[in-house]
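> I would like to see how this sequence folds:
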Amino acid sequence: MKKTITILAVLALAAFTMTSCKKDYVCKCTEPTGITNANFQLENVSKDDANSACDTYSATYALVGGSCALD
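As a prediction, the model looks like this:
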């Protein structure tokens, strides 16, 4: 019985640590002139998804010489 409880506890811990943590991120974008600064709220996403979304914004801002980064 003790082995079963121990195994279940280890499996539960492993399952908990393998799930991706979703939280809110902010992608901050700036233009070289500094006139337009934009903050894009990325809610309830994993860090990888937030990076991908911010990279997409950055590609758009790069057309005018700007950039974006997660804050």
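
> Let's verify the residue nearest to D24 when sequence neighbours are not counted: helix, strand, or coil?
In this structure, D24 finds its nearest non-sequential neighbour in E43, 4.9 Å apart by Cβ to Cβ, 6 or more residues apart in numbering. Using the backbone N, CA and C atoms, a C-beta is placed for each residue, glycine as well. Using DSSP: H, G, I helix; E, B strand; the rest coil, the structure places E43 in strand.

> So what's the residue count around E43?
The number of residues packed near E43 is 10, by other Cβ atoms under 10 Å.

> And the pLDDT for it?
We have a pLDDT of 95 for E43.

> same question, A50
If you check A50, the pLDDT there is 97.

> So it versus K28, what's the distance?
12 Å (Cβ to Cβ, to the nearest Å).

> circling back to that earlier point, quick check, the residue nearest to D24 in contact with C27.
No. The criterion here is Cβ atoms under 8 Å, and E43 misses it with C27 at 11.5 Å.

> For stretch 23-37, give me every contacting residue.
Stretch 23-37 is contacted from outside by 38-45, 47, 50, 53-54, 57-58, 61, 64-71, using Cβ atoms under 8 Å, 6 or more residues apart in numbering.

> Pull the contacting residues for the most centrally placed residue in the chain.
Among the residues of the chain, the one closest to the centroid is K47, at 2.4 Å (Cα atoms, centre = their mean). Contacts of K47 were listed using Cβ under 8 Å, 6+ apart, and they are C21, Y25.

> Got the phi and psi for it?
phi -60, psi -40 (degrees, to the nearest 10).
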